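>>> kindly generate the corresponding structure for this input.
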Amino acid sequence: MRERAKRVTLRDVATESGLSTAAVSYALRGLHVPVETQTRVQEIAERLGYQVDPIARALASGRTGYVGVLCGSLQDIWQQSVAAALGRQLLESGMHAVIVDASNSPDVERTLATQLVDQRVDALIVLWVDPSAAHWPDIARRTVLVAIGDGIPGAATASEVVFDNDAGVSAALGQVAAAGHTRSAVLTPSSRNTPDRPAEVAIRRVAAELHLQVTLHMSPHDLDGAAAVAVEALSVAEAPTAFFCLADSMAYGVYAATRQLGLCIPDDVSVLGYDDAPVSRLLTPPLSNFRWPVDLLVTYAVERTVRAIETNKGSRRKLLTPVAQPRGSIGKPKS
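Got it, this is the predicted structure:
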């Protein structure tokens, strides 16, 4: 039987370098020793094939090097791209992302958030489903909690990277009203059993200001589910002539629904999305929507997460403003 290779230990690196194990440990972590010593020890460790034992490191430092990324729904293409970008940037910061999907379910979200904290993630970044859930204050006490999208009322988050929904909603419904529409449907991922998101509060306020009749419809992110919601919304006596979707993935469902019903965009129904996913430019007609600065969002979220892990100090809130991407999916309603 082939003999198992002996694992190189910290003591082996110390013996080779002529330093104490404590000095070697500091050097490998870039602490308390000259840069020249750090470089020499790192070269020796690499030559010997030394690898840090993650369990030992976690026990010594109280950190695991893992950050949970809890997404509301990975059926949403935008959330997929944000999660992937967070994973890449966390890796560049020396941390590993554990990306999980709540499937747009508050119950699944609670279970996953609790499991991640029980597994001792150093922080939890959330694109949440239910911000009012009772578990968030406890989660925030047990780990670094960073929210993306909107805040989490009642929880002591380390940081929040939030969207200026007032600006986005005002611009979106303004486009719909300016085109001459008086009836609009809004597709939202929020559960009707949870308090309104700031975006939905803004929708009702702006709609009243513009004398725009708006109906809200809870929608999943998957194509078939969003299409079914849109078909139902279009199958009433006074159907909406425009849709504003709080995710591009939901807008794709409206495109599918109009084809199913023999309608055309924008001649029969106008559609406006909210994420500017790359595929939205390839639709016929291309989807009008709003672009959020994802690069800035991810940079802010990771910087604040790392800072809170290392210093236990948060940086409460960063507000991001969307940029309109007008294309061909908004037109005048039929008279």
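
>>> my reading is that residue 100 lies in a strand. Confirm?
Yes. Residue 100: assigned to a strand according to DSSP: H, G, I helix; E, B strand; the rest coil.

>>> residue contacts, it?
Shown in contact with residue 100 (Cβ atoms under 8 Å, 6 or more residues apart in numbering): 68, 69, 70, 71, 112, 116. In this view, the C-beta of every residue, glycine as well, is placed from N, C-alpha and C.

>>> at which residues are the helices of this structure located?
10-17, 21-28, 35-48, 54-61, 77-92, 106-118, 136-142, 165-178, 198-209, 223-234, 248-260, 294-311 (DSSP state H).

>>> mind listing what's buried in the third one?
Okay, so that is helix 35-48. 37, 38, 40, 41, 42, 44, 45 (16 or more other Cβ atoms under 10 Å).

>>> coming back round to it: rank the helices of the chain by mean pLDDT and give me the bottom one.
Mean pLDDT is lowest for helix 54-61 among the helices of the chain, at a mean of 58.

>>> residue 99 - nearest residue in space that isn't next to it in sequence?
In this structure, residue 99 finds its nearest non-sequential neighbour in residue 69, 4.5 Å apart by Cβ to Cβ, 6 or more residues apart in numbering.

>>> swap in residue 91?
Nearest non-adjacent residue to residue 91, counting by Cβ to Cβ, 6+ apart: residue 97, 7.3 Å away.

>>> the one you found touches residue 86, doesn't it?
Yes. Counting by Cβ atoms under 8 Å, residue 97 does reach residue 86; the two are 6.0 Å apart.

>>> any common contacting residues for these two?
Joint contacts of residue 97 and residue 86 (Cβ under 8 Å, 6+ apart) are residue 69.

>>> who has more neighbours, these two?
Using other Cβ atoms under 10 Å, the more surrounded residue of residue 97 and residue 86 is residue 86, with 25 against 20.

>>> can you name the residues that contact that one?
When contacts are counted by Cβ under 8 Å, 6+ apart, residue 86 touches 69, 97, 99, 125, 298, 301, 302.

>>> contacts only, for the last one.
If I follow you right, that is residue 302. Applying Cβ under 8 Å, 6+ apart, the residues contacting residue 302 are 86, 89, 90, 93.

>>> over to the third one?
Residue 99 makes contacts with 69, 71, 74, 83, 86, 87, as judged by Cβ under 8 Å, 6+ apart.
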